[in-house]
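**Q** Quick one: sequence and predicted model below, then my questions.
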Amino acid sequence: MDQRRAVFLDLNGTLVTPILVEQLTDLRLIDGVQEGVGRLCRAGFVCPVVTVQSKIEKGLFSEAEFHTWFEALARSMVTWGTVLTGPYVCPHRFATPCMCAKPQTLLYERAAADHGLSLSGSFAVGDTAADVEAAKRFGGRGCLVLTGYSARGEEASRAKRFASYTGRTFGEVVDWILKQEAA
């Protein structure tokens, strides 16, 4: 049986803004994200969210609070035909050594096992070098979206060597992924 394919999605800076928050209620969807994720889902992709939420270890919110917030976000997107899976969360500070932080592939591998996904046939979309490097490491294709951290030139420069594609918006990245499927 063929395994399903995924478009792994980063959260902060890719799907929601601002990048750095003190409260989960500050997060808002970036324009065009609902429609774009809906297009991916209708094309047959599973869309797991893989995210680093260092504010959990810092004590600004709990992992349970984050999951409750995420479930509400996912429910709000259903009207667009969007099904977000996960989230697969690294709760650690960036300075804390762990196996779940990007560009490590542990969280992607967990999502693949949970949903019967082919990593080599999948994509990852994010706004950092770590997001697209993770895709390269798991054998998929990484797509950099020039929002969030990559809106700064230095992060985009670091990321481009790992990226299969770079788009100005989430919608441009979705267009490219769907064209790859049509080819």
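**A** Noted; the coordinates are in hand.
**Q** okay, Ser118: pLDDT?
**A** pLDDT recorded at Ser118 is 96.
**Q** Now do the contacts for the closest residue to it other than its chain neighbours.
**A** Distances taken as Cβ to Cβ, 6 or more residues apart in numbering put Gln3 closest to Ser118, at 3.8 Å, once the chain neighbours are dropped. Placement of C-beta: from N, CA and C, glycine included. The contact partners of Gln3, by Cβ atoms under 8 Å, 6 or more residues apart in numbering, come to 116-118, 121.
**Q** Show the backbone phi and psi for Asp114.
**A** Backbone torsions of Asp114, given as degrees, to the nearest 10, read phi -60, psi -30.
**Q** Selecting buried members of the contacts of Gln3 in PyMOL, what would you type?
**A** In PyMOL, this line selects whichever of the contacts of Gln3 come out buried by 16 or more other Cβ atoms under 10 Å:
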select buried, resi 117
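**Q** and which of the contacts of Gln3 is nearest Phe8?
**A** Comparing the contacts of Gln3 against Phe8 with Cβ to Cβ places Leu117 closest, at 8.9 Å.
**Q** Let me know whether the closest one touches Phe45 as I believe.
**A** No. Using Cβ atoms under 8 Å, Leu117 is not in contact with Phe45, being 9.5 Å away.
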